[in-house]
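Engineer: just to be clear, the model below is a prediction. Sequence and coordinates:
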Amino acid sequence: NAGVTQTPKFRILKIGQSMTLQCAQDMNHNYMYWYRQDPGMGLKLIYYSVGAGITDKGEVPNGYNVSRSTTEDFPLRLELAAPSQTSVYFCASSFFNRQGRETQYFGPGTRLLVL
Amino acid sequence: AQKITQTQPGMFVQEKEAVTLDCTYDTSDQSYGLFWYKQPSSGEMIFLIYQGSYDEQNATEGRYSLNFQKARKSANLVISASQLGDSAMYFCAMREGPTYKYIFGTGTRLKVLA
């Protein structure tokens, strides 16, 4: 298993440009998440999905969009990049066992710099 | 509103000793999950341990244990027999039960001394 993969690893954007951060998992997990981590801070939830075709907003959704057409993929779209979106972006997926215990798996992160 | 508080910005521990990292939470939900993650200087996020709000026993995963005190709304991480490789940032997090939304604390930076 590759686990959770993210591309690209690093990207520089100009203000106003758009881009899509890719996230894929091969563990057949229904639950997937996008977080951002600003320097010296914890993670903040941007969007999450509980299954293909179902997405919902997290704590900081403004300026982002997501889609979940398949169980495996959960891309994050930035439409008009702003300097405030400079951050490290993590994608994650979750697995719940029969006892309801959860394990969350993270991708390696995408470092985004908006200038 | 749900909230996670980590009051220790930084901690030092001698190699082979145990260390406790504090985490308190606030929620009005009856069903929730509590998590601890490790973030080494390489930047990756590593899941360490999970505690469900209805779990009667404290969770353990190898050298990690979660001291869950529901009435006090605390979920402290205990690392036994610290190793140099434990030096990292540690984050406490909570999942709101009905919504699958997660909130994170600001983290505690642990330094293990040889």
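Structural biologist: On my side now, so go ahead. Model, not experiment: these values are computed from the prediction.

Engineer: what about the closest residue to chain B within chain A, neighbour count?
Structural biologist: At 3.4 Å from chain B, A:Gly42 is the closest residue in chain A, using C-beta to the nearest C-beta. Any C-beta I mention is one placed from the backbone N, CA and C, and that applies to glycine too. A:Gly42: 20 surrounding residues under other C-beta atoms under 10 Å in any protein chain shown.

Engineer: how about it, nearest residue that isn't a chain neighbour?
Structural biologist: Leaving aside its sequence neighbours, A:Gly42 sits nearest to B:Phe104 (C-beta to C-beta, 6 or more residues apart in numbering or on different chains; 3.4 Å).

Engineer: would you confirm that the one you found contacts B:Cys92?
Structural biologist: Yes - using C-beta atoms under 8 Å, B:Phe104 is in contact with B:Cys92, at 7.4 Å.

Engineer: let me see the contact set for the residue of chain A closest to chain B.
Structural biologist: With contact set as C-beta atoms under 8 Å, 6 or more residues apart in numbering or on different chains, A:Gly42 has these partners: B:Ile4, B:Phe91, B:Ala93, B:Phe104, B:Gly105, B:Thr106, B:Gly107.

Engineer: hmm, try it at 7 Å
Structural biologist: B:Phe91, B:Phe104, B:Gly105, B:Thr106, B:Gly107 (C-beta atoms under 7 Å, 6 or more residues apart in numbering or on different chains).

Engineer: against B:Trp36, how distant is it?
Structural biologist: Plainly put, A:Gly42 is 12 Å away from B:Trp36 if you go by C-beta to C-beta, to the nearest Å.

Engineer: give me the phi and psi angles of the residue lying farthest from the centre of chain A.
Structural biologist: For chain A, the largest distance from the centre (C-alpha atoms, centre = their mean) belongs to A:Gln99, which lies 26.6 Å off. Phi and psi for A:Gln99, reported as degrees, to the nearest 10, are phi -90, psi 0.

Engineer: what does the pLDDT read for it?
Structural biologist: You'll see A:Gln99 listed with a pLDDT of 80.
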